[in-house]
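Undergrad: Sequence plus predicted model, see below.
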Amino acid sequence: MTVDHVFAIVAVSNFDTSHDWYQRLFDTPATNVPMPGNLAEWRVTDTGWLQVFHDPKRAGTSMVNFAVADLDRRHAALHARGIDTGEIVEANQGVRLCSVNDPDNNTITFIGSFREQY
């Protein structure tokens, strides 16, 4: 089976509030807004996307992980944009993490020192 694109979906209760928040998280406007008021998409890798979708029943239950090249730099940049990630924590085998909750309490975790094999 070949997959051409992967979409991670974050369910939110207030689309406008979350759309603004994710623009601050990514420091860029959405790549696409195919359903204004209900769906915005950010292209986060060549074939990977994050979708913010208005779905009040599921809001607050989403979890997304992003592996980043420089976790310390990402942490500082998020703080500079007013997004509190909490502390960077040591996970296992040199992997480090910092997490942030969006306005609905969905969890976005940034992973430093990620490897495809351990």
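TA: Cool, the structure landed. Quantities reported herein were computed from a predicted structural model and do not represent experimental measurements.
Undergrad: ok, Ser88 - contacts?
TA: Slight slip there: residue 88 is Ile, not Ser. By CB atoms under 8 Å, 6 or more residues apart in numbering, the contact set of Ile88 is Leu71, Asp72, His75, Arg96, Leu97, Cys98, Gly112. Yep, even glycine has a C-beta here, placed from its N, CA and C like the rest.
Undergrad: Mind checking which of those are buried?
TA: Leu71, His75, Arg96, Leu97, Cys98, Gly112 (16 or more other CB atoms under 10 Å).
Undergrad: So Ala67: helix, strand or coil?
TA: strand (DSSP: H, G, I helix; E, B strand; the rest coil).
Undergrad: is it in a bridge, and if so with what?
TA: Ile111 (DSSP bridges).
Undergrad: That one: how many residues sit nearby?
TA: 15 (other CB atoms under 10 Å).
Undergrad: biggest helix in the chain by residues?
TA: helix 15-26 (DSSP state H).
Undergrad: ok, and what's touching it?
TA: Here helix 15-26 makes contact (CB under 8 Å, 6+ apart) with 10, 12, 29-30, 37-38, 40, 42, 44, 50, 52, 54, 78, 81-83, 100, 102-104, 108.
Undergrad: Sort out which of those are in helices and list them.
TA: If you go by DSSP H, these have Leu78 in helices.
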